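> Below: sequence and its predicted model.
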Amino acid sequence: MNFTPVLNPLSPLRPILVVEDSDMDLDFCLQAFEEHAIANPVVACRDGEEALAFIDAHATPGDAQLPLLVLLDLRLPKVDGIEVLRYARAHPVWKQVPFIVLTTSREHTDIGAAYENGVNSYLVKPVDFGSFAEVVKHIKVYWILTNEPPFASPRGA
């Protein structure tokens, strides 16, 4: 499978992995990343099966494509987001990668399942771009600028 970044492909920073099947939500995400000058490359997986393949393809701490963080939708074709999270958390390296569920579901069963399987944060997707961009701003401030990542950037950036 080809996991080419859909945003900032030449950046030396660790990528952000977005697992999202909705064209509109992925577009919102990419626009919000650009609006808030997120310099990390962004790799998109369009279903759960692609996400599992990405996890298998990038399973060492020194891999430059091991993401800084993952934005994960729950309602995915082929393999749902909870299964993707469970699969990732079964791998020693991926246990350390921060996962943020970004989904439309407010159901307590989904929230509970996400936390039981090791999600770091659970956010409900806003429906308008302005609110979505605000969520991305908070993700940037905390997860990209403030949080200490488990793995150093592979190129010293």
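On my side now, so go ahead. This is a predicted model, so every value here is computed, not measured. Numbers count the residues shown, from 1 in each chain.

> the strands in the chain, which residues?
Applying DSSP state E to the chain gives strands spanning 16-19, 42-45, 69-72, 99-103, 121-124.

> Give the other helices and strands that the last one contacts.
Contact here means 3 or more CB pairs under 8 Å, 6 or more residues apart in numbering; DSSP states H and E; on that basis strand 121-124 packs against strand 99-103, helix 108-116. Every C-beta, even on glycine, is put in place using the N, C-alpha and C of the backbone.

> Residue nearest the middle of the chain, spatially speaking?
By CA atoms, centre = their mean, the chain has its centre lying nearest to residue 70, at 2.0 Å.

> so where's the chain uncertain?
1-2, 153-157 (pLDDT under 70).

> Confirm for me that the residue nearest to the centre of the chain is in contact with residue 101.
No: with contact defined as CB atoms under 8 Å, residue 70 and residue 101 do not form a contacting pair (9.3 Å).

> re the thing from before, output the strands of the chain in TSV, with distance to residue 63 appended to each entry.
Converted to TSV, the strands of the chain look like this (distance: least, CB to CB, whole Å):
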stretch	distance to residue 63
strand 16-19	12
strand 42-45	12
strand 69-72	14
strand 99-103	17
strand 121-124	23
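
> Quick one: residues contacting residue 48.
Neighbouring residues of residue 48 by CB atoms under 8 Å, 6 or more residues apart in numbering: 19, 76-81, 83-84.

> Give me the buried subset of the residues you listed.
19, 76, 79-81, 83-84 (16 or more other CB atoms under 10 Å).

> Select from those every entry located in helices.
81, 83-84 (DSSP state H).

> Just give me the closest of those to residue 121.
When these are compared for distance to residue 121 (CB to CB), residue 81 wins out at 13.4 Å.

> How about that closest one, nearest residue that isn't a chain neighbour?
residue 74 (3.7 Å; CB to CB, 6 or more residues apart in numbering).

> any idea how far the one you found is from residue 7?
22 Å (CB to CB, to the nearest Å).

> re the thing from before, tell me what the residue nearest to the centre of the chain is bridged to.
residue 17, residue 99 (DSSP bridges).
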